[in-house]
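Q: quick one, structure for this:
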Amino acid sequence: MKKYFLGISLIIAIVVITFAACSKSGSDSPEPQKPDNPGNTAGGDATVEIKNFAFSPATVTIKAGKSVTWTNADSAPHTATDDGGAFDSGSLATSATYKHAFTTAGTYTYHCTFHSNMVNAKVVVTN
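A: Next up is the predicted model:
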């Protein structure tokens, strides 16, 4: 009976130590804050990730004179192509990036020319 309680005590001690170690990790670092516009974290240029056949975030807002950088994090090639012809990344292979500076205020709706479901993404440019 003593061996049984010793075994149970050992298991409980391992669980407690493991739990304490897991809850400690990262506790010295503050929780990351989610920005209101995750594609524009610095109030300047914006980033858009192409992943899972979607633009993320689907809408970014920047000031005139700033840029948007698209990064293809998918396994397939994609494009970021403005519906009105203002910009076109061309084919972006996996890990490739494309950067475009927007000088004129307005709303630029864009899509991927390869994938018909990747539409209605937007760059909103303000003065």
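Q: could you use CA atoms for every contact and neighbour count after this?
A: Fine.
Q: got the contact list for the residue lying closest to F53 once chain neighbours are set aside?
A: Nearest non-adjacent residue to F53, counting by C-alpha to C-alpha, 6 or more residues apart in numbering: M118, 6.7 Å away. Taking C-alpha atoms under 8 Å, 6 or more residues apart in numbering as the contact definition, M118 lies against F53, A54, F55, H111, C112.
Q: from those residues, which land in helices?
A: Among those, DSSP state H puts none in helices.
Q: can you tell me which two in the residues you listed are farthest apart?
A: F53 and H111 (10.9 Å; C-alpha to C-alpha).
Q: these two: which has the busier surroundings?
A: Neighbours of F53 and H111, each counted by other C-alpha atoms under 10 Å, are more numerous for H111; the result is 22 against 17.
Q: surely the more buried one and D82 touch.
A: Yes. The pair H111 and D82 passes the contact test of C-alpha atoms under 8 Å, sitting 6.5 Å apart.
Q: got a markdown table for the contacts of M118, with distance to S89 and pLDDT too?
A: Below are the contacts of M118 laid out as a markdown table (distance: C-alpha to C-alpha, whole Å; pLDDT from 0 to 100):
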| residue | distance to S89 | pLDDT |
| --- | --- | --- |
| F53 | 16 | 98 |
| A54 | 15 | 98 |
| F55 | 14 | 98 |
| H111 | 11 | 98 |
| C112 | 9 | 98 |
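Q: of these, closest to T94?
A: Nearest to T94 among these, counting by C-alpha to C-alpha, is F53 at 12.1 Å.
Q: next one: the closest one from S75, what distance?
A: From F53 across to S75, the span is 9 Å (C-alpha to C-alpha, to the nearest Å).
Q: identify the bridge partners of the residue nearest to D83 when sequence neighbours are not counted.
A: The shortest distance from D83 to any non-neighbouring residue, by C-alpha to C-alpha, 6+ apart, is to Y110 (5.1 Å). Beta-bridge pairing for Y110 (DSSP bridges): D82, A121.
Q: cool, and I62?
A: Under the criterion DSSP bridges, I62 forms beta bridges with V125.
Q: repeat that for K99.
A: T69.
Q: next, count neighbours for it.
A: So K99, with other C-alpha under 10 Å, has 15 neighbours.
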